[in-house]
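J.: let's see this in three dimensions:
(one chain, ligands or ions: 1)
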Amino acid sequence: MFAIDCPRHGSTVLLNLSDIERIDNTSRGIEVHYICSCGHHGLWLTGRR
Ligand SMILES: [Zn+2]
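T.: I've put the predicted structure just below:
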């Protein structure tokens with residue numbers, strides 16, 4: 001589970017790994033593309049190196 005700030009919910013939402021659409025390893029860090037339970041597509045940047 002991981003926590004994101006969903007603008008549609010207007011709050012912090014806990015998502016499961018199954019809500020992850022795609023993971024990209026970029027120079028900015030690890031981009032986690034997720035789909036919130038409300039249907040919002042968002043981007044979570046983590047794992048900066
Ligand atoms: Zn949401």
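
J.: contacts, neighbours, all on C-alpha from now
T.: Noted.

J.: in this structure R22 contacts Y34, no?
T.: Yes - if you go by C-alpha atoms under 8 Å, R22 and Y34 touch, sitting 7.0 Å apart.

J.: in the chain, which spans are strands?
T.: Ranges of strands within the chain are 2-6, 11-15, 20-26, 29-35, 41-46, based on DSSP state E.

J.: would you list these in TSV and tack on distance to the ion?
T.: Listed next are these as TSV, based on distance: least, C-alpha to the ion, whole Å:
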stretch	distance to the ion
strand 2-6	5
strand 11-15	7
strand 20-26	13
strand 29-35	8
strand 41-46	8
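
J.: so which of the ones you listed is the most surrounded?
T.: Compared across the strands of the chain, strand 29-35 shows the largest average neighbour count, a mean of 18 (mean count of other C-alpha atoms under 10 Å).

J.: what packs against that one?
T.: Packing partners of strand 29-35 (3 or more C-alpha pairs under 8 Å, 6 or more residues apart in numbering; DSSP states H and E): strand 20-26, strand 41-46.

J.: V13: which of those strands is closest?
T.: Comparing those against V13 with C-alpha to C-alpha, the closest turns out to be strand 41-46 (11.8 Å).

J.: partners of that closest one, with directions?
T.: Sheet pairing of strand 41-46 (DSSP bridges) gives strand 29-35 (antiparallel).

J.: what sits up against the partner strand?
T.: Strand 29-35 has contacts (C-alpha atoms under 8 Å, 6 or more residues apart in numbering) with 19-25, 41-49.

J.: and the pLDDT at G47?
T.: As predicted, G47 sits at a pLDDT of 81.
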